[in-house]
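**Student:** turn this into a model:
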Amino acid sequence: MKKSFSELPLRKGVGIILLNDKNKVFVAKRIDNPKNFWQMPQGGIDEGENYYEAALRELKEETSVVSVKLIQEIDKKLTYILPDHLIGIIWKGRFKGQTQKWFVMKFTGNESEININTKKPEFLDWKWISLDDLPKIAVKFKLEVYKILKQELLKILN
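**Tutor:** Model prediction:
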């Protein structure tokens with residue numbers, strides 16, 4: 001029997017705010033939503049993984065990046081709910097949204113390390129953006145999360 005929206009759980013996930021040496025933020029354009037929306041690397045947690053291990057794995061799976069230094073873990077978990085038209089489509093319909101633990105990391109490698117053409121590619125393109133632009137590039141249902149992340153990052157960097 002199909003669960004109703006309210007009965008669906010939230011997926012446990014992680015997100016990575018990856019900064020370059022100029023404190024610009026890494027964002028990438030999703031293959032499944034090629035409109036002008038960009039996002040930071042993020043994903044779910046595998047069985048037996050802690051949040052930080054999941055963040056490092058997701059970052060590597062999505063961007064090939066492994067040269068990072070942890071700056072800070074953001075204390076609070078942030079949640080978004082999928083819009084109605086995506087419920088039942090994303091995550092095979094098992095979740096209504098995601099609660100995420102976010103990590104701020106400094107990219108310490110050379111840009112040639114960044115490769116989004118991975119085994120299971122999720123992105124079409126990537127770029128570095130200023131922190132101020134973060135809310136401007138987010139898909140609507142993640143906008144509040146990105147606004148909060150911008151505020152948290154401002155506190156960390158100042």
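**Student:** show me what counts as buried in the helix or strand containing residue 104.
**Tutor:** Element membership for residue 104, per DSSP states H and E: strand 97-107. For strand 97-107, burial by neighbour count (16 or more other CB atoms under 10 Å) applies to 97-98, 100-105, 107. From N, CA and C alone the C-beta is placed, and that goes for glycine too.
**Student:** got JSON lines for those residues, with pLDDT and distance to residue 58 too?
**Tutor:** Formatted as JSON lines, those follow (pLDDT from 0 to 100; distance: CB to CB, whole Å):
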{"residue": "97", "pLDDT": "94", "distance to residue 58": "17"}
{"residue": "98", "pLDDT": "94", "distance to residue 58": "12"}
{"residue": "100", "pLDDT": "97", "distance to residue 58": "11"}
{"residue": "101", "pLDDT": "98", "distance to residue 58": "11"}
{"residue": "102", "pLDDT": "98", "distance to residue 58": "12"}
{"residue": "103", "pLDDT": "98", "distance to residue 58": "10"}
{"residue": "104", "pLDDT": "98", "distance to residue 58": "15"}
{"residue": "105", "pLDDT": "98", "distance to residue 58": "11"}
{"residue": "107", "pLDDT": "98", "distance to residue 58": "15"}
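**Student:** return the member of those residues nearest to residue 78.
**Tutor:** Checking these against residue 78 by CB to CB gives residue 100 as the nearest, at 5.4 Å.
**Student:** so who does that closest one touch?
**Tutor:** 13-15, 42, 77-80, 145 (CB atoms under 8 Å, 6 or more residues apart in numbering).
**Student:** which of the residues you listed count as buried?
**Tutor:** Buried by 16+ other CB under 10 Å: 13-15, 42, 78, 80, 145, out of those.
**Student:** strand partners (parallel or antiparallel) of the strand holding residue 104?
**Tutor:** Neighbouring strands of strand 97-107 in its sheet, by DSSP bridges, are strand 10-19 (parallel), strand 68-73 (antiparallel), strand 78-81 (antiparallel).
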